[in-house]
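Peer 1: quick one: sequence plus predicted model below, questions after.
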Amino acid sequence: MLQENEHIKCLIIGSGPAGYTAAIYAARADLKPVLYTGIVPGGQLTQTTDVENFPGYPDGVQGTQMMEDFRKQAERFGTDIRFGYITSVEFSNDVHRVVVDGEKTVTAETVIIATGATAKWLGLESEQKYNGFGVSACAVCDGFFFRGQDVAIVGAGDTAAEEATYLAKLANKVHMLVRRDEFRASKAMQHRVLNTPNIEIHYNTEAKEIIGDGQSVTGVLVYHNQTLEERLLPVTGFFVAIGHKPNTELFKGILDMDTNGYLITHPGSTRTNIEGVFACGDVQDHIYRQAVTAAGTGCMAALEAERYLAAKEHAIV
Ligand code: NDP
């Protein structure tokens, strides 16, 4: 049975840089924000190591530490931060209703969506079979378990490059599977990979199957996608770093989204197609996808929520 309704001014869904920045601004504007963290408090940055490009940290910072700092700052101004997952939403142009963990309903005058994006998988059956038993989408979370061993990583973007260099510090050898004959990663990240002696790059190479003994991973069968030649790489860890999918399942059929599922906001704004509902961070950004841009749009969302509420109150008076 659903618990009693709670009514709030500003509901924030998500706890990455966008959600927490929205919370800092909303709390300082006295909107008394309530923030639901989702199942990964701190979001994607808790699954990375060094963040060297966020202004204000001249010596770099660990992703987990940075998100801890964001959280503390949001709390300092009175954000009510709750561990919980929104299981359904009902948006109207007036008041918005969400259900938390399938049991509690909350109505909100404004909603700021900052649900981010999650890692993509290759879609191999063996990948799911050994997920958590040698297969991982997070080198920072699981790299530790493969100290001194040989591992493989799939992907050629910045995430894959970053994770490969991270793994190279722990593992004996890192096989990097790149499906084209070039990287997508920035030149700086490529440079790091190419200058790490224990990373072997396999171009035009894809994973066909992850091999295991039923308990854990013992290798990966790869093939050259031009010659179709197959090869077994003896690895005990298999990391997938091929990009992300926006977390927008909840909003399907309710909010406008593009063909890849990213929420569509009005140009130069965080407004969605429903009044009082705003979207910020990676959930609406497939271009920049940076912590600093997520924080920037989080700030915009809170300012827009505040102005929306002020205009609404003004209209009533
Ligand atoms: P990207 O979308 O940039 O890259 C995904 C990579 O995975 C591509 O190289 C792609 O290959 C490859 N890929 C996708 N599907 C498959 C598949 N089925 N099999 C094999 N390979 C596959 O995602 P990232 O997560 O790397 O980066 C996302 C954004 O975040 C980017 O804008 C990036 O710059 C940013 N970022 C920044 C960081 C930093 O500044 N510190 C760190 C991490 C990310 P292909 O190239 O052939 O399409």
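Peer 2: Perfect, thanks for sending it.

Peer 1: go ahead and name everything in contact with the worst-scoring helix or strand of the chain on mean pLDDT.
Peer 2: Every helix and strand of the chain was ranked by mean pLDDT, DSSP states H and E. The lowest is strand 50-51, at a mean of 75. Strand 50-51 is contacted by residues 45, 57, 60-63, 66, 291 when judged by Cβ atoms under 8 Å, 6 or more residues apart in numbering. All C-beta atoms are positioned from the backbone trio N, CA, C, and that covers glycine.

Peer 1: which residue does the stretch 151-300 of the chain bring closest to the ligand?
Peer 2: Gly157 (2.4 Å; Cβ to the nearest ligand atom).

Peer 1: what's the nearest residue to that residue once chain neighbours are set aside in contact with, if anything?
Peer 2: Once flanking residues are discounted, Gly157 sits nearest to Arg184: 4.6 Å by Cβ to Cβ, 6 or more residues apart in numbering. With contact taken as Cβ under 8 Å, 6+ apart, Arg184 is in contact with 156-158.

Peer 1: domains of the chain?
Peer 2: Following the assignment in automatic domain parsing, the chain carries domains at 3-118+244-316, 121-240.

Peer 1: touching the ligand at all, the first one?
Peer 2: If I follow you right, that is domain 3-118+244-316. Yes - using Cβ under 6 Å from any ligand atom, domain 3-118+244-316 reaches the ligand at 53, 244, 289.

Peer 1: on that earlier part again, which among the contacts of strand 50-51 end up buried?
Peer 2: The neighbour count (16 or more other Cβ atoms under 10 Å) marks 45, 61-63, 66, 291 as buried among those.

Peer 1: which of those residues fall within helices?
Peer 2: With DSSP state H as the criterion, helices contain 63, 66, 291 from among those.

Peer 1: leaving out chain neighbours, which residue sits closest to the second one?
Peer 2: Spatial nearest neighbour of Met66, chain neighbours left out: Val51 (5.7 Å); criterion: Cβ to Cβ, 6+ apart.

Peer 1: tell me how far the one you found lies from Gly296.
Peer 2: Distance of Val51 to Gly296, computed by Cβ to Cβ, to the nearest Å: 15 Å.

Peer 1: need the contacts of strand 50-51 in TSV with distance to Glu109 and pLDDT, can you?
Peer 2: Formatted as TSV, those follow (distance: Cβ to Cβ, whole Å; pLDDT from 0 to 100):
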residue	distance to Glu109	pLDDT
Leu45	29	80
Tyr57	35	93
Gly60	39	90
Val61	35	91
Gln62	36	88
Gly63	33	87
Met66	30	95
Ala291	28	91
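
Peer 1: between these, which sits nearest Ala139?
Peer 2: Ala139 has its nearest neighbour among those in Gly63, at 12.1 Å by Cβ to Cβ.

Peer 1: the closest one is in contact with Val40, isn't it?
Peer 2: No - counting by Cβ atoms under 8 Å, Gly63 stays clear of Val40, with 11.7 Å between them.

Peer 1: hmm, back to that, can you select the buried ones among the residues of domain 3-118+244-316 next to the ligand for me in ChimeraX?
Peer 2: Command for ChimeraX that selects the buried part of those, burial taken from 16+ other Cβ under 10 Å:
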select :244,289
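
Peer 1: re the thing from before, and of the buried ones among the contacts of strand 50-51, the nearest to Val235?
Peer 2: Closest approach to Val235 among those (Cβ to Cβ): Gly63, at 25.3 Å.

Peer 1: can you flag which of the residues of domain 3-118+244-316 next to the ligand belong to strands?
Peer 2: By the criterion of DSSP state E, membership of the residues of domain 3-118+244-316 next to the ligand in strands covers His244.

Peer 1: circling back to that earlier point, counting neighbours, what do you get for the residue of the stretch 151-300 of the chain closest to the ligand?
Peer 2: Gly157 has 17 neighbouring residues, counting by other Cβ atoms under 10 Å.

Peer 1: how about Met67?
Peer 2: With other Cβ under 10 Å as criterion, Met67 counts 25.

Peer 1: my guess is it contacts Gly42, does it?
Peer 2: Yes - contact status for Met67 versus Gly42: in contact at 3.5 Å, counting by Cβ under 8 Å.

Peer 1: what touches both of these two?
Peer 2: In contact with both Met67 and Gly42: 15-16, using Cβ under 8 Å, 6+ apart.

Peer 1: and the pLDDT for Lys9?
Peer 2: You'll see Lys9 listed with a pLDDT of 97.

Peer 1: how is Ala310 assigned, secondary-structure-wise?
Peer 2: helix (DSSP: H, G, I helix; E, B strand; the rest coil).
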